[in-house]
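Colleague: Kindly generate the corresponding structure for this input.
(chains A and B)
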Amino acid sequence: GENVEQHPSTLSVQEGDSAVIKCTYSDSASNYFPWYKQELGKRPQLIIDIRSNVGEKKDQRIAVTLNKTAKHFSLHITETQPEDSAVYFCAATPGSNYQLIWGAGTKLIIKP
Amino acid sequence: DAGITQSPRYKITETGRQVTLMCHQTWSHSYMFWYRQDLGHGLRLIYYSAAADITDKGEVPDGYVVSRSKTENFPLTLESATRSQTSVYFCASRTGLAGAYEQYFGPGTRLTVT
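Modeller: As a prediction, the model looks like this:
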């Protein structure tokens, strides 16, 4: 079955710098790759997603890239701000399966 | 987000007791999911449901029971609570439309088993 690995587990960056979180997946049939943000004590919420027929997607300071050949996708946050501090989860949907297979999460710390 | 609610939000129970966590969504989403999130860890799928009266096991189903008699409700029951089931439980739902994979999460229930 699908397996999603996420790195790093913790990432600390200076405010204003960029942050990159990477995930790899194992099932080449996976076709949907979302990123969720979970603030402390809150529910996970979708911040951006990408489908297998697209290589990159941007939404203001957030972007996701997908490399299907290497089976990895990344979240890029530019000009980081204190409100970006949270845990970020990647996930993948294998084929027509309606489940999401989740990465273990990355705690992003923005240093003032 | 107000479309998916969970109750109670906080629950303390004793080992061996039965406890039911409720999940209700107003979107008529076909799919519903129960996850547990242990401190400092990711999301682990307990059970999921594709429609009313259709449920299936996820990654960690032992000790849990679900039912789905109505599309909008998906209760999770811990038959005999154990300390290892202390966790935050999230319910989620998504539409059954082809290609619409986004899952919407409820606010969570923090369960403590003493």
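Colleague: Tell me the secondary structure of the residue nearest to residue B:7 when sequence neighbours are not counted, please.
Modeller: Once flanking residues are discounted, residue B:7 sits nearest to residue B:22: 4.7 Å by CB to CB, 6 or more residues apart in numbering or on different chains. Yep, even glycine has a C-beta here, placed from its N, CA and C like the rest. In the three-state summary, residue B:22 is assigned as strand, counting by DSSP: H, G, I helix; E, B strand; the rest coil.
Colleague: Let me know whether residue A:101 touches residue A:92 as I believe.
Modeller: Yes - applying CB atoms under 8 Å as the test, residue A:101 and residue A:92 come out as touching, 5.2 Å apart.
Colleague: Of the two, which one has the most company?
Modeller: Higher neighbour count among residue A:101 and residue A:92: residue A:92, with 28 against 20, using other CB atoms under 10 Å in any protein chain shown.
Colleague: okay, that one: pLDDT?
Modeller: At residue A:92, the predicted lDDT confidence score is 94.
Colleague: Return the distance of whichever helix or strand it is part of from the chain's centre.
Modeller: Element membership of residue A:92 [criterion: DSSP states H and E] is strand A:86-94. Taking CA atoms, centre = their mean, to the nearest Å, one finds strand A:86-94 lying 5 Å from the centre of the chain it belongs to.
Colleague: partner strands of it, parallel or antiparallel?
Modeller: Sheet pairing of strand A:86-94 (DSSP bridges) gives strand A:30-38 (antiparallel), strand A:101-102 (antiparallel), strand A:106-111 (antiparallel).
Colleague: rewinding a little: identify the residues contacting the residue nearest to residue B:7.
Modeller: B:6, B:7, B:8, B:73, B:75 (CB atoms under 8 Å, 6 or more residues apart in numbering or on different chains).
Colleague: Quickly find the element holding residue B:112.
Modeller: Using DSSP H and E, residue B:112 sits in strand B:109-113.
Colleague: For stretch B:23-31, which residues meet the burial criterion?
Modeller: By neighbour count on 16 or more other CB atoms under 10 Å in any protein chain shown, the buried set for stretch B:23-31 is B:23, B:24, B:25, B:29, B:30, B:31.
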